[in-house]
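**Q** Following is a predicted model, sequence given first.
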Amino acid sequence: MPNAQNRENGHLSALLPAVLLSCLLTLSCSDDVGHENVKRLEATDLYLYGENCSGPYWRFEGGGLFFHENGTVRNVLDKLALIPRSNDVLVVRSSSSSSSLTMVLTFSPDGLAKFTDVYLEPKPTDAQLSILNNKHGYTQTVSSIMKLPSIELCTRMRSTASF
């Protein structure tokens with residue numbers, strides 16, 4: 001019986017490096033996909049799907065999210081970081097307060113992206129949420145973001161670095 005146990009342990013220990021290598025390769029591939037998605041976001045303009053890359057659009061640039069419409073540019077969010085996570089990109093806005101806003105942008109195989117989650121870290125208490133809703137309409141804003149249709153990534157035509 002001890003020999004059978006030793007053989008089994010030997011097989012397990014022989015498989016362990018292969019299993020670990022497989023896990024590492026899977027993680028690095030996921031990171032590669034996430035990093036590629038971040039690069040795509042930084043190099044394209046974001047249009048609502050179906051607009052055929054025309055009309056109003058959003059752009060991640062210089063640590064901010066800008067909205068372009070009819071020749072005007074509005075800074076929607078600043079202090080942003082784009083963080084790769086497998087097939088998602090976390091769009092995190094750090095503020096001077098102790099919380100940060102995180103929006104999860106998930107990419108589909110057809111190249112479209114969609115906001116699939118929005119949350120504050122740390123999670124606000126009921127009293128804090130009430131203040132956020134009264135001052136900023138937080139719950140309504142989150143609902144609006146979640147209702148956005150898929151987003152199409154289109155080639156940039158010009159830079160807004162001067163804005």
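**A** Looks like it arrived, so ask away. Numbers count the residues shown, from 1 in each chain.
**Q** What strand or helix carries E42?
**A** Applying DSSP states H and E as the criterion places E42 in helix 2-43.
**Q** Give the next helix or strand downstream of the helix-or-strand element of the chain with minimal mean pLDDT.
**A** Every helix and strand in the chain was compared by mean pLDDT, DSSP states H and E; the lowest is helix 2-43, with a mean of 51. Once helix 2-43 ends, the next helix or strand along the chain (criterion: DSSP H and E) is strand 44-48.
**Q** Can you tell me what sits against the next helix or strand after that next one?
**A** Tracing the chain past strand 44-48, the next element assigned as helix or strand by DSSP H and E is strand 57-61. Residues external to strand 57-61 that are found in contact with it (CB atoms under 8 Å, 6 or more residues apart in numbering): 41-42, 45-47, 65-68, 76, 80, 82, 91, 151, 154, 156, 159-161. Every C-beta, even on glycine, is put in place using the N, C-alpha and C of the backbone.
**Q** Distance check, the nearest residue to S54 once chain neighbours are set aside against V38.
**A** Nearest residue to S54, sequence neighbours excluded (CB to CB, 6 or more residues apart in numbering): Y47, at 7.3 Å. Distance, Y47 to V38, by CB to CB, to the nearest Å: 19 Å.
**Q** circling back to that earlier point, who's the residue nearest to S54 bridged to?
**A** Beta-bridge pairing of Y47 under DSSP bridges involves E152.
**Q** shouldn't it be in contact with E152?
**A** Yes: because the distance of 5.0 Å satisfies CB atoms under 8 Å, Y47 is recorded as touching E152.
**Q** what sits in contact with each of these two?
**A** C53.
**Q** Name the SS class of M146, please.
**A** Following DSSP: H, G, I helix; E, B strand; the rest coil, we place M146 in the helix state.
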